[in-house]
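From the sequence below, what's the structure:
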Amino acid sequence: MVYIGEKPVSTYVLYILERLKKGSRKILVKARGHNISKAAHVTEAVHRMSGGKTKYGDIRLYSEEVGEESEEKSVPAIEIEVISLL
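Sure thing, here's the model as predicted:
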């Protein structure tokens with residue numbers, strides 16, 4: 001599982017490509033809030049840089065409650081499954 005945060009897109013892309021080279025068949029990419037678009041960029045870059053040797057599995061959109069009980073707020077989240085075709 002890869003949690004998308006504040007690091008550059010290239011950091012996540014290289015990490016995922018390295019895991020795929022080492023034999024991982026599926027990698028789950030997760031992000032919340034403003035990092036959702038970055039997760040989309042990361043998974044698309046992985047697909048392009050792998051030469052099309054990956055595909056998308058399940059894509060799940062949902063909301064998570066974050067914060068203290070008295071001040072909880074709902075934050076959008078995404079999970080994108082990247083599957084190796086090798």
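
what about the residue most central in space within the chain, which SS state?
Geometric centre of the chain, nearest residue: Val29, 2.3 Å, by Cα atoms, centre = their mean. Three-state call for Val29 (DSSP: H, G, I helix; E, B strand; the rest coil): strand.

ranges for the helices of the chain?
Ranges of helices within the chain are 9-21, 36-49, based on DSSP state H.

Which of the ones you listed sits closest to Ile78?
Closest approach to Ile78 among those (Cβ to Cβ): helix 36-49, 4.9 Å. Where C-beta positions appear, they are placed from N, C-alpha and C, glycine not excepted.

Verify the stated contact: the residue nearest to the centre of the chain with Val13.
No - checked against Cβ atoms under 8 Å, the pair Val29 and Val13 is beyond contact range at 10.4 Å.

Which neighbours do the two have in common?
Common contact partners of Val29 and Val13 (Cβ atoms under 8 Å, 6 or more residues apart in numbering): Val42.

circling back to that earlier point, need the winner for burial among the helices of the chain.
helix 36-49 (a mean of 18; mean count of other Cβ atoms under 10 Å).

Now find how far off-centre that one is within its chain.
Offset of helix 36-49 from its chain centre (Cα atoms, centre = their mean, to the nearest Å): 8 Å.

measure the residue nearest to the centre of the chain to Ile83 for me?
11 Å (Cβ to Cβ, to the nearest Å).

Ok, Ile4 next?
18 Å.

Equivalent analysis for Lys55, please.
Distance of Lys55 to Ile83, computed by Cβ to Cβ: 5 Å.

Likewise for Leu14?
Taking Cβ to Cβ, one finds Leu14 at 19 Å from Ile83.

For this protein, list the residue farthest from the centre, please.
Farthest-from-centroid check, the chain (Cα atoms, centre = their mean): Ser70, 29.9 Å.

Could you pull up the residues touching Ser10?
Ser10 touches Ala45, counting by Cβ under 8 Å, 6+ apart.
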